[in-house]
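1. generate a structure from the sequence data that follows.
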Amino acid sequence: MPRPRYFVFDMRSPVRMRHYQDLIKLFLIAVGCLSVGLHIALFSRSTFDTACSSNSAPQQGSLYPAGARNTWSSSESRKSSSSQGGERGERPTHRRAARPAVLPARRRLHAKEDNLLDVEAAPPDVPLNDPGAAAPAAARIQKDYKVLWRYYRMTGNVSESPYARPKQSVSPYRTMREVFAANGSEVELDTGTVWAKFHAGIQPYQLYADTRAIDGVIKDLQTAAIVRAEMKDGGTQLKLFIEFEGEGRALFKPLRLNSTQEDNPNHFYFNYFERHYSEIASYHLDRLLGFHRAPPVAGRLVNLITDIRNKADDNLRDTFYISPAGNICLTGSCKYYCDTSHGLCGAPENLPASFSGFLPEDDGPGLRMTWRHPWRRSYSRTKLAPWEMDKGYCDLIKTIEPYDGGRRMLDIMDMAVFDYLSNNLDRHHYETFYEFGNESSPIHLDQGRSFNKATTDDETILTPISQCCLIRRATLKRLLDLANGPQSISQLLDSSLRNDLLYPLLSQPHLDAVDRRLHGILATLEKCLESYSTNPSRVIIQEDIKAFQPV
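-> Below you'll find the model as predicted:
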């Protein structure tokens, strides 16, 4: 008689797993697990539906606005709701709310003040469309700012603040022409070109005294023939050095995104795409604020074949290719977005771009100094900058040269105003002309990451003002005039941008955001003056203008 075979279920024995009895056992276990899982899922869904379909108001901080109903209720809940209609013809008490008119593929990103913001789910490095791109102009904010005007009139005398007078010696040079003359290089500015006139007229506190002084430079940036193109070394994104016929030079930034596209909210500020229209709009904003510290920038439509590839060096020329759609593209060479998945393509060969005019060469009399911005961000995914952790950070900065006196600290406040209006979080360094000394204004360079989000106002950009509670009196006057003038700042900015060949550049939501941010700056100053109401000259600094003039 054959010995009976007994089944022993042992997962460590692979031989027994091949036996049909093991397969039956595994099948029964799987069926049992599936049954238990389905019962748990049905019970959880029933509980969720019951809680969401109640009539009570949502708690504070809920993602759903008051009165909203759950739009994903179970069939049982819908049947019970429809059966509560009472008599025939009476509408049911509980009705399923209409589903929001958004694409099924969209996801809920965040909510603010009971308003849902739905944006399209996109790959990590694909920008998201601005949901308000086609929105009409927002109603202008009307506020007279009587308190700020009163404090402005009270601070007409020269302030006793150390920032009202020079702390270091003032440069003896009134213009860049005098600097070149002192260095024996004046002949370089005697060529009679519009570029030579622009460079010769640079002053310690502004790059140009009047916009008419750079009209010729703007025209060259828009129309002058390109004779050479080469890649800029370093940098996170593609930039080209452009030489024009004559002696003009410019920095080329091509179109990558238009103003109706916002950067992915999952990206850090140091991963944002640089935009050509940001450089152009920032230059016009700088002019509108009366700073005149941003080099001239203009937009134009370039032909990638005749204007760039045919004038490029070998390194740049080798990065050109034809896309599957038949368009002319290039990748260039840089740290982040210089590959075929981020190729810059024309239509089919024409591509809009910004051209930022060059300043005098910085290896001679036009030598520039680079300064680390005191409120620089950490540029880290995990670390915070010192000013983000220390509320008294400004008191430390006030002990460090050149922020312990003179005009530099007020220039940093001006820069915060400029950056906040354009939503520029990428201000890590700034430059000044060496020959003009420390009592000179910073140059507003590199605004490629500004005007990136029309729906966001990043209050941390105003941290220098909110921590130090300082503002130049002339800057406050300009902001109040723009807030109370017959035309809003957005209307004036849009009117100025009409002179650019690539107009329109800023979408209406971006223009509305500039209006909104202007009032945000004034609200911050009002809050500061509440703490110094008995001594407003501690906040509003009237400078001794004559003391800053060259002797």
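
2. now stretch 285-305: how far from the chain's centre is it?
-> 17 Å (CA atoms, centre = their mean, to the nearest Å).

3. I'd like the mean pLDDT over it, please.
-> Model confidence over stretch 285-305 averages 96 on the pLDDT scale.

4. got the buried residues for it?
-> Neighbour counts over stretch 285-305 (16 or more other CB atoms under 10 Å) mark 285-289, 291-300, 302, 304 as buried. Any C-beta I mention is one placed from the backbone N, CA and C, and that applies to glycine too.

5. so which of those residues are in strands?
-> 297-300, 302 (DSSP state E).

6. format those as TSV; extra columns: distance to residue 401.
-> Formatted as TSV, those follow (distance: CB to CB, whole Å):
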residue	distance to residue 401
297	32
298	37
299	39
300	42
302	44
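
7. from residue 410, how far out is residue 291?
-> 12 Å (CB to CB, to the nearest Å).

8. whoops, I mixed them up, residue 530
-> Look at residue 530 and residue 410: by CB to CB, they are 21 Å apart.

9. and those two? Which one has more around it.
-> Taking neighbours as other CB atoms under 10 Å, residue 530 and residue 410 compare with residue 410 leading, 23 against 9.

10. A helix includes the more buried one, no?
-> Yes - checked against DSSP: H, G, I helix; E, B strand; the rest coil, residue 410 lies within a helix.

11. tilt between the host helix or strand of residue 356 and strand 297-303?
-> Per DSSP states H and E: residue 356 is located in strand 350-357. Angular relation of strand 350-357 and strand 297-303 on a 0 to 180 degree scale: 150 degrees, by axes from the mean of the first three to the mean of the last three CA atoms, to 10 degrees.

12. what does the helix or strand following strand 350-357 contact?
-> Sequence-wise, the next helix or strand downstream of strand 350-357 (DSSP H and E) is strand 368-372. Taking contacts as CB atoms under 8 Å, 6 or more residues apart in numbering, the residues outside strand 368-372 that touch it are 359, 362, 428-434, 442-443.

13. A helix includes residue 341, no?
-> Yes - using three-state DSSP, the assignment for residue 341 is a helix.

14. against residue 235, how distant is residue 337?
-> For residue 337, the distance to residue 235 - CB to CB - is 11 Å.

15. which one is residue 259 nearest to, not counting chain neighbours?
-> residue 507 (4.4 Å; CB to CB, 6 or more residues apart in numbering).

16. that neighbour contacts residue 454, doesn't it?
-> Yes - Residue 507 lies in contact with residue 454 (CB atoms under 8 Å); the separation is 6.7 Å.

17. between those two, which has more neighbouring residues?
-> Applying other CB under 10 Å to residue 507 and residue 454 shows that residue 454 carries more neighbours, namely 25 against 21.

18. tell me which helix or strand that one sits in.
-> Per DSSP H and E, there is no helix or strand for residue 454.

19. which stretches of the stretch 251-400 of the chain form helices?
-> 276-289, 314-317, 386-389, 393-397 (DSSP state H, counting those that start in this stretch).

20. could I get those as JSON lines with distance to residue 252?
-> Conversion of the helices of the stretch 251-400 of the chain to JSON lines gives the following (distance: least, CB to CB, whole Å):
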{"stretch": "helix 276-289", "distance to residue 252": "9"}
{"stretch": "helix 314-317", "distance to residue 252": "11"}
{"stretch": "helix 386-389", "distance to residue 252": "34"}
{"stretch": "helix 393-397", "distance to residue 252": "36"}
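
21. lowest average pLDDT across the ones you listed?
-> helix 314-317 has the lowest average pLDDT among the helices of the stretch 251-400 of the chain, namely a mean of 92.

22. show me the shaky parts of the stretch 151-300 of the chain.
-> Counting by pLDDT under 70, the stretch 151-300 of the chain contains low-confidence residues at 187.

23. what about the strands in it?
-> 226-231, 240-244, 249-254, 261-262, 297-303 (DSSP state E, counting those that start in this stretch).

24. deepest in the core, which of the ones you listed is it.
-> strand 249-254 (a mean of 22; mean count of other CB atoms under 10 Å).

25. what's the angle between that one and strand 297-303?
-> Using the same axes, to 10 degrees: strand 249-254 against strand 297-303 is 70 degrees.

26. going forward, count from 13.
-> From this message on, residue numbering opens at 13, which makes the last subject strand 261-266.

27. by contact count, what packs against strand 261-266?
-> Strand 261-266 sits against strand 252-256, helix 288-301, strand 362-369, with contacts defined as 3 or more CB pairs under 8 Å, 6 or more residues apart in numbering; DSSP states H and E.

28. pairing partners for that strand, with directions?
-> Applying DSSP bridges to the sheet, strand 261-266 is found paired with strand 252-256 (antiparallel), strand 362-369 (antiparallel).

29. same list, the ones you listed, but as JSON lines with distance to residue 383 please.
-> Shown next, in JSON lines, are these (distance: least, CB to CB, whole Å):
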{"stretch": "strand 252-256", "distance to residue 383": "24"}
{"stretch": "strand 362-369", "distance to residue 383": "20"}
